[in-house]
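Participant: I'll drop the sequence and a predicted model, then ask my questions.
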Amino acid sequence: MRQFQVTEEMKFHTEYLKFHTRKHREYIHITPQVEAIVHNSGIREGMVLISAMHITAGVYVNDNES
């Protein structure tokens, strides 16, 4: 049986982005906003979860390809 010692509490930050589009289908590059949110949160390690909170929205990950 393994035992783990927690030396630091888990940190989290929640922020919502809201977008209004003009076309039926539109792609919005949100990397700069996400980077700023992570930077301003003060959290330096971990993962980022991005979720579309509406049934008609989606998140497309492209790894910032040129």
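Facilitator: Looks like it arrived, so ask away.
Participant: give the contact list for Lys11.
Facilitator: The contact partners of Lys11, taken as CB atoms under 8 Å, 6 or more residues apart in numbering, are 41-43, 46. C-beta: built from backbone N, CA, C; applies to glycine.
Participant: go again using 7 Å as the cut-off
Facilitator: Ile43 (CB atoms under 7 Å, 6 or more residues apart in numbering).
Participant: what's the distance between it and Val59?
Facilitator: 23 Å (CB to CB, to the nearest Å).
Participant: Pretty sure Ile37 sits against Leu17.
Facilitator: No - between Ile37 and Leu17 there is no contact under CB atoms under 7 Å: 8.2 Å.
Participant: would you list every one of the helices in this structure?
Facilitator: Under the criterion DSSP state H, the chain contains helices at 31-41.
Participant: For it, give me the ranges with low pLDDT.
Facilitator: 1, 3-7, 64-66 (pLDDT under 70).
Participant: between Ile37 and Leu17, which one's more packed in?
Facilitator: Set side by side, Ile37 and Leu17 show more neighbours around Ile37, with 18 against 11, by other CB atoms under 10 Å.
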